[in-house]
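Chemist: using only what follows, build the 3D model:
(one chain, ligands or ions: 2)
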Amino acid sequence: MTLPTAVTVDTSPISAAAAHDDLDPLWRAVVTESRSRQNDIHLPISFAFAERLCDAYPEADALVVRVATLLHDTGWARVEQDRIISEGFAGDWRRADVRYEHERHGCDIAREVLPPLGYDDAFITRVTDIIDGHDTRQVSHSIEDSLMRDADRLWRFTATGIALASSWFGSTPAAYCARLRVEIVPELLTDAAVQMALAELERAEILLKIEQLS
Ligand SMILES: [Fe+2]
Ligand SMILES: [Fe+2]
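Modeler: Ligands and ions are numbered 1, 2, ... in the order given. Purely as a prediction, here's the structure:
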């Protein structure tokens with residue numbers, strides 16, 4: 001059962017999302033860490049979805065969700081790069097050691113970059129509690145955790161996410177879109193994310209001629 005929302009969900013193209021600049025110093029603090037696993041594409045798109053999800057669930061602490069989403073995968077920059085695809089996207093990829101490693105490194109990076117920007121220990125712990133286990137822990141601990149998890153998945157439903165993720169998994173765009181519907185939509189935790197996912201996927205399938213190129 002997904003988390004309902006009383007708010008009308010904005011399902012317009014995420015590429016048209018309003019831009020906020022209050023976290024620009026944090027983006028600039030992780031430039032180096034963004035240059036791995038196309039995180040300089042994944043993180044901004046997931047971040048835009050995180051902001052939309054926070055609009056749909058105003059009871060969540062939006063700053064925690066936004067900072068956790070911005071930083072959650074930065075740890076990929078500190079694992080052996082040739083293991084990202086070989087272990088992180090093949091076989092039992094959800095349980096690969098490299099997945100646990102990127103979560104631990106992501107927490108380290110949060111503890112390095114957030115204090116100089118003025119974030120206190122209590123806030124940083126709330127962020128690292130979400131980053132730690134975001135791929136490998138089965139359950140969400142809070143609404144902020146759930147919104148970050150949904151933002152992490154939602155980017156895949158865009159044409160950009162389909163392009164990158166289908167190549168990582170060695171899949172065609174059509175096969176990857178089918179997988180999104182069958183496997184990833186049921187993993188979403190909130191009603192708002194399901195609405196956004198289906199709207200983005202419908203647009204991407206038309207744009208990418210998925211029916212014709214199946
Ligand atoms: Fe991750
Ligand atoms: Fe991610």
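
Chemist: near ligand 1, which residues of this structure?
Modeler: Taking CB under 5 Å from the ion as the contact definition, the chain meets ligand 1 at Asp73, Asp135. The way it works is simple: take the backbone N, C-alpha and C, and place the C-beta from them, glycine included.

Chemist: now for the chain, the helix or strand with the poorest mean pLDDT.
Modeler: In the chain, no helix or strand scores lower on mean pLDDT, DSSP states H and E than helix 82-88, which sits at a mean of 76.

Chemist: by contact count, what packs against it?
Modeler: Applying 3 or more CB pairs under 8 Å, 6 or more residues apart in numbering; DSSP states H and E, one finds that helix 82-88 contacts helix 97-113.

Chemist: run through who's touching the very next helix or strand once past the helix it packs on.
Modeler: Counting by DSSP states H and E, the next helix or strand C-terminal to helix 97-113 is helix 121-131. The contact list for helix 121-131 (CB atoms under 8 Å, 6 or more residues apart in numbering) reads 61, 63-64, 67-68, 71-72, 75, 103, 106-107, 110-111, 114-115, 119, 141-142, 144-145, 148.

Chemist: is ligand 2 contacted by helix 121-131?
Modeler: No. Helix 121-131 lies apart from ligand 2 when judged by CB under 5 Å from the ion; the minimum separation is 10.1 Å.

Chemist: low-confidence ranges, the protein, go.
Modeler: In the predicted model of the chain, residues 88, 93-94 satisfy pLDDT under 70.

Chemist: circling back to that earlier point, now, of the contacts of helix 121-131, which are buried?
Modeler: Taking 16 or more other CB atoms under 10 Å as the criterion, what is buried in these is 61, 63-64, 67-68, 71-72, 75, 103, 106-107, 110, 114, 119, 144-145, 148.
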